[in-house]
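1. how would this look folded up:
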Amino acid sequence: MMNTVVSVLTYLACVGHARHVVKAEPLEDSHQSLLNLLTSNPAAAFHPTIAASSPARSGSLPSVASRVGDLSMMARAKAAAKRPVAKKTVAKKAPAKRVVKKRAAPKKVTKKVVKKVTRAVPADLLALAEAQQIPMGYWDPLKLGESRIFGQSNEATIGFLRHAEIKHGRVAMAGFVGYCIHENGIRWPFPLSTSLPDYSSFEGLSAPAVWNAVPQAGRLQIFALIGLLEWWSEFSPALEKDGEAHYMRGGKPGYFPKFNEPFPLQLYDPFGLFKDMGEEVKAKRLNREVNNGRLAMLGMMSLVSEARVPGAVPALKGLIKQYDGEVMAPLSPTLDTNWQGVDAMFEVAKKFPWNQ
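-> Okay, the predicted model is just below:
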């Protein structure tokens, strides 16, 4: 649209200028000739090559058409020059940043802090130690009173350990007395068995050697009796019949249930001498029994140590007969070879330090 307006204005300007330049041709003829050219071929009025080949009459018209074409081209060039040329913006590339790799910070080595779980000593153990009149007070270097064994609670663990101590103390007291009786030559007034009409075969033997000299049948009877007593002490119906509970379930540690009928005698107080004794007095007597049992365990081990390693206990030097057997083996290496595993047991026993 803009180009057409410029062309028309240019045409009018050329016509006005042609009136002054071309004098040979009248004005009316010039207008008429241009009008004819526009009517017959409008494009030829603005293009010089078309105007030259146009069938219009020659003379002043071709020069006018050529002039109009030149002016039209000049006008278009000026218009194009005036148009703002859009500058092509070239995006500048940002300078590449230099990537500097950061060194990884050294890992901090954190020490794993393992907190020791310390449990308070039960108050009943402290009171028990005071009641037993222990010279050094409550003494538990291995922290057994604060432990849990066999997946049981601390109360059950304490019950198990107290019962074991009382039972081992009773066995140690009986063993200590029996050791002293044999070392002093005291014998039963009746034969031990039909195969042993007297005790001449025991003469000169230490107490541990006497055990090895007992016939196998006699030792089997002793094992059977020990197993029966152990089973009965753990038998819950027998404990419940006496109104007691298992020592790991709140019962009294060291309590042994009464035998049922037809057994006339009981293991504790077989003659009923203490049936009217109060609980406070029984507790005091039990504390005395515990202390005596602790001393008997130490005394029993001192006798066995001196017999196996002469001079190990200077106070007993020359008073205890020597024993060359294995004190930790309940079976005889000469009489029990018919039992499976006995030979292997003694082979292992040879590796103990006192056998080197």
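2. what sits up against stretch 127-146?
-> Stretch 127-146 is touched from outside by 118-122, 125-126, 154, 157-158, 161, 283-284, 287, 290-291, with contacts defined as C-beta atoms under 8 Å, 6 or more residues apart in numbering. Every C-beta, even on glycine, is put in place using the N, C-alpha and C of the backbone.
3. one more time with 7 Å
-> Stretch 127-146 is contacted by residues 119, 121, 122, 125, 126, 158, 161, 287, 290, 291 when judged by C-beta atoms under 7 Å, 6 or more residues apart in numbering.
4. of these, which one scores lowest on pLDDT?
-> Ranked by pLDDT, these bottom out at residue 119, which has 63.
5. in the helix or strand containing residue 166, what counts as buried?
-> Applying DSSP states H and E as the criterion places residue 166 in helix 154-183. Using 16 or more other C-beta atoms under 10 Å as the test for burial, helix 154-183 gives 156-163, 165-167, 169-170, 172-173, 175-176, 179, 182.
6. likewise for stretch 313-323?
-> Neighbour-count burial for stretch 313-323, counted by 16+ other C-beta under 10 Å, picks out 313, 316, 320, 323.
7. average pLDDT across it?
-> Stretch 313-323 shows a mean pLDDT of 90.
8. measure that stretch end to end?
-> End-to-end distance for stretch 313-323, by C-alpha to C-alpha, to the nearest Å: 14 Å.
9. what subset of the contacts of stretch 127-146 is buried?
-> Among the contacts of stretch 127-146, those scoring as buried are 125, 158, 161, 287, 290 (criterion: 16+ other C-beta under 10 Å).
10. confirm the last one sits in a helix?
-> Yes - going by DSSP: H, G, I helix; E, B strand; the rest coil, the assignment for residue 290 places it inside a helix.
11. which residues touch it?
-> Residues near residue 290 by C-beta under 7 Å, 6+ apart: 132, 165, 166, 169.
12. at 10 Å what do you get?
-> 128, 132, 134, 162, 165, 166, 169, 170, 253, 254 (C-beta atoms under 10 Å, 6 or more residues apart in numbering).
13. so how far is residue 240 from the second one?
-> Okay, so that is residue 132. Note on residue 132: its distance to residue 240, by C-beta to C-beta, to the nearest Å, is 29 Å.
14. of all the contacts of residue 290, which two lie farthest apart?
-> Using C-beta to C-beta, the pair of these lying farthest apart is 134 and 170, separated by 19.0 Å.
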